[in-house]
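Participant: sequence first, predicted model second:
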Amino acid sequence: MSLFIPTYFSPISQYSEIIKSDTVTFEMEDNFQKQSYRNRCYIYNSNGKQQLTIPVKHVLNNGRKKTKDTLVENNFPWQDQHFKSLKIAYRTSPFFDFFEDDIAFIFEKKYKYLHDINIDTYLFITDALQLSTDFSKTTAYKVDVPKNDFRQLAEIKKQPTKLVDTYIQMFDDKHGFIPNLSILDLLFMEGPNTESFL
């Protein structure tokens, strides 16, 4: 069992472990952490690294809330903004047109819970890469996981130093190579070759 926290268009580091895993289990009982990949991803635009963040509703009593109970704040047109940002950044990339119609539903569907978005992004990526989409969800917080505990990959500050090989990025001639962006960056640039990079 490999244990992950579902994140928004996960960083490349997470998929480099998912692709090597026989079984994927998503931790559903963790506490929501701000400043994490749970509700954000990073893409490459003409100005460099761009953050896309899903707004979430905050608990009024400042108490802890589980990620699975985290509600999306839909009073902002975040889906339109995110899809527009992806189009602007990647419209001339080699494979954006190939995936545009398939990814559109994530920005058209109305979501209540953050984890539903993250599971849908996982299913989109595994379908695009033709990976096994089988996964399970925890029903209690996993304390003792002997190995293959990759929950730390949901934390921005706990990323591995060794990542995938460099690949051509949209604006690397201006800003250089930016590692560990969203898996979308690699997918839109490499298409079917994404798996070999991972």
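Facilitator: That came through fine. Residues are numbered from 1 along each chain as shown.

Participant: for T138, give me phi and psi.
Facilitator: When read as degrees, to the nearest 10, the backbone of T138 gives phi -70, psi 150.

Participant: and it, how far from E100?
Facilitator: According to C-beta to C-beta, to the nearest Å, T138 stands 33 Å off from E100. The way it works is simple: take the backbone N, C-alpha and C, and place the C-beta from them, glycine included.

Participant: what about the helices in this structure?
Facilitator: 12-18, 78-90, 96-103, 114-128, 172-175, 183-190, 194-197 (DSSP state H).

Participant: so what touches the longest one?
Facilitator: Going back to what we said before, that points to helix 114-128. Contact with helix 114-128 is made by 6-10, 15, 26, 28, 32, 38-39, 54, 56, 67-68, 70-72, 99, 102-103, 105-106, 109, 111, 131-133, 135, 183, 187, 194, as judged by C-beta atoms under 8 Å, 6 or more residues apart in numbering.

Participant: run the last query once more with 7 Å
Facilitator: If you take C-beta atoms under 7 Å, 6 or more residues apart in numbering as the criterion, helix 114-128 is touched by 6-9, 15, 28, 38-39, 54, 56, 67-68, 70, 72, 99, 102-103, 106, 111, 133, 183, 187.

Participant: mark which of these are buried, thanks.
Facilitator: Taking 16 or more other C-beta atoms under 10 Å as the criterion, what is buried in these is 6-9, 15, 28, 38-39, 54, 56, 67-68, 70, 72, 99, 103, 106, 111, 183, 187.

Participant: quick check: buried residues in the lowest-mean-pLDDT helix or strand in the chain?
Facilitator: Across the helices and strands of the chain, mean pLDDT, DSSP states H and E gives its lowest value to helix 194-197, namely a mean of 89. Of all the residues in helix 194-197, those buried under the rule 16+ other C-beta under 10 Å are T194, E195, F197.

Participant: shaky segments in this protein?
Facilitator: Residue ranges of the chain with pLDDT under 70: 59-63, 146, 161-164.

Participant: rerun that using 50 as the cut-off
Facilitator: Nowhere does the chain drop to pLDDT under 50.

Participant: mind checking which of the helices of the chain is nearest K158?
Facilitator: Across those, K158 has its closest neighbour in helix 12-18 (9.7 Å, C-beta to C-beta).

Participant: gap between the closest one and the chain center?
Facilitator: 10 Å (C-alpha atoms, centre = their mean, to the nearest Å).

Participant: repeat that for stretch 15-23.
Facilitator: The answer for stretch 15-23 is 14 Å, by C-alpha atoms, centre = their mean.

Participant: contacting residues around that stretch?
Facilitator: 1-2, 4, 24, 125, 131, 148, 150, 153, 164, 183, 195, 198.

Participant: ok, and the most crowded of those?
Facilitator: The most crowded member of the contacts of stretch 15-23, judged by other C-beta atoms under 10 Å, is I183 (27 neighbours).
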